[in-house]
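J.: no sequence for this one, just the structure:
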């Protein structure tokens, strides 16, 4: 599944991470592990969750030593249970020890993102609302964070600032109002880009509709106000619920979905996610 991400981007991330962690060399392994010594390891899930990042781990080891054998026993997007063996690795001990932490860090982080996303998706199942991420990703890891969201069953919002027009309060002030901001965006942005406007009141919502916004972000609105907002929009634009959605319980998140919004964006899927607990247990050959 990782083929949907640019191989150049993944390699850039891994080379940067390995350079940061290995530095000028793994002095501990170089000092204590004889050349040519081999080692085998098993990746074990220590809690239930949704797996993501196995192919990233495999590519990390391949950059260090192409002869390392990494075998995935599950696939990205699979649900795993505590105690499941999810992958094995074997090969040159020095190379594996040099790459174990980078691979494990990314595997745990990406699996945490996928797991958190899957929980939110399950909370709104059957409502028609789609869970999406934000740009609140780990700097430098956006392609992996957003891939992990997809593996958890969610969708991606803008990848970067060039992907769409999102007019927020500062843009509205700078342009002289919602209508002026939308008109300016229509005049400058490519015709293929959607224009989204963030609103906090029903009055602003009416302005955005009148201006012809394609998507309207309902920011930090009470649930009942969101319900009224969806009624007013009446399908003329997509509606997105936003603002501390990651702090809500499953029941509260479902209540938001039941207002009829099309999208629920959650920054917490990526900006403060808890890593899934996965261990790597070694045995010497």
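T.: Yep, that arrived. Owing to the predicted nature of the structure, the values given are computational and were not obtained by experimental measurement. Numbers count the residues shown, from 1 in each chain.
J.: which stretches of the chain form helices?
T.: 7-22, 27-32, 54-64, 93-123, 142-151, 169-175, 178-188, 202-211, 223-233, 250-257, 268-271 (DSSP state H).
J.: Turn these into TSV, including distance to residue 241.
T.: C-beta coordinates here come from the backbone N, C-alpha and C atoms, glycine included. Below are the helices of the chain laid out as TSV (distance: least, Cβ to Cβ, whole Å):
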stretch	distance to residue 241
helix 7-22	30
helix 27-32	49
helix 54-64	31
helix 93-123	12
helix 142-151	17
helix 169-175	17
helix 178-188	19
helix 202-211	13
helix 223-233	6
helix 250-257	5
helix 268-271	14
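J.: With mean pLDDT, distance to residue 281 and mean neighbour count as extra columns, can I get those in JSON lines?
T.: Listed next are the helices of the chain as JSON lines, based on pLDDT from 0 to 100; distance: least, Cβ to Cβ, whole Å; neighbours: other Cβ atoms under 10 Å:
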{"stretch": "helix 7-22", "mean pLDDT": "93", "distance to residue 281": "20", "mean neighbour count": "14"}
{"stretch": "helix 27-32", "mean pLDDT": "95", "distance to residue 281": "17", "mean neighbour count": "11"}
{"stretch": "helix 54-64", "mean pLDDT": "96", "distance to residue 281": "15", "mean neighbour count": "21"}
{"stretch": "helix 93-123", "mean pLDDT": "98", "distance to residue 281": "11", "mean neighbour count": "23"}
{"stretch": "helix 142-151", "mean pLDDT": "96", "distance to residue 281": "24", "mean neighbour count": "24"}
{"stretch": "helix 169-175", "mean pLDDT": "94", "distance to residue 281": "50", "mean neighbour count": "14"}
{"stretch": "helix 178-188", "mean pLDDT": "95", "distance to residue 281": "54", "mean neighbour count": "17"}
{"stretch": "helix 202-211", "mean pLDDT": "97", "distance to residue 281": "55", "mean neighbour count": "18"}
{"stretch": "helix 223-233", "mean pLDDT": "97", "distance to residue 281": "46", "mean neighbour count": "16"}
{"stretch": "helix 250-257", "mean pLDDT": "98", "distance to residue 281": "33", "mean neighbour count": "17"}
{"stretch": "helix 268-271", "mean pLDDT": "96", "distance to residue 281": "29", "mean neighbour count": "22"}
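J.: Nearest to residue 285, out of the ones you listed?
T.: helix 93-123 (8.3 Å; Cβ to Cβ).
J.: per-residue confidence at the residue located most distally from the centre of the chain?
T.: In the chain, the residue that sits farthest from the middle, by Cα atoms, centre = their mean, is residue 34; the gap is 40.0 Å. You'll see residue 34 listed with a pLDDT of 95.
J.: again with the one 4 residues further on
T.: Residue 38 is assigned 97 on the pLDDT scale.
J.: any idea how far the nearest residue to it once chain neighbours are set aside lies from residue 26?
T.: Leaving out its chain neighbours, the residue that sits closest to residue 38 by Cβ to Cβ, 6 or more residues apart in numbering is residue 285, at 4.3 Å. Taking Cβ to Cβ, to the nearest Å as the measure, residue 285 falls 19 Å from residue 26.
J.: Could you check how far the residue nearest to residue 38 is from residue 48?
T.: Distance of residue 285 to residue 48, computed by Cβ to Cβ: 31 Å.
J.: of those two, who's got more company?
T.: More crowded of residue 285 and residue 48, by other Cβ atoms under 10 Å: residue 48, with 14 against 10.
J.: if I look at residue 168, how far off is residue 242?
T.: 10 Å.
J.: More neighbours: those two, which one.
T.: Between residue 168 and residue 242, residue 242 has the larger neighbour count (other Cβ under 10 Å), namely 21 against 14.
J.: Check the gap between the closest residue to residue 253 other than its chain neighbours and residue 103 for me.
T.: Spatial nearest neighbour of residue 253, excluding adjacent residues (Cβ to Cβ, 6+ apart): residue 123 at 4.6 Å. Separation of residue 123 from residue 103 (Cβ to Cβ): 31 Å.
J.: That'll do, ta.
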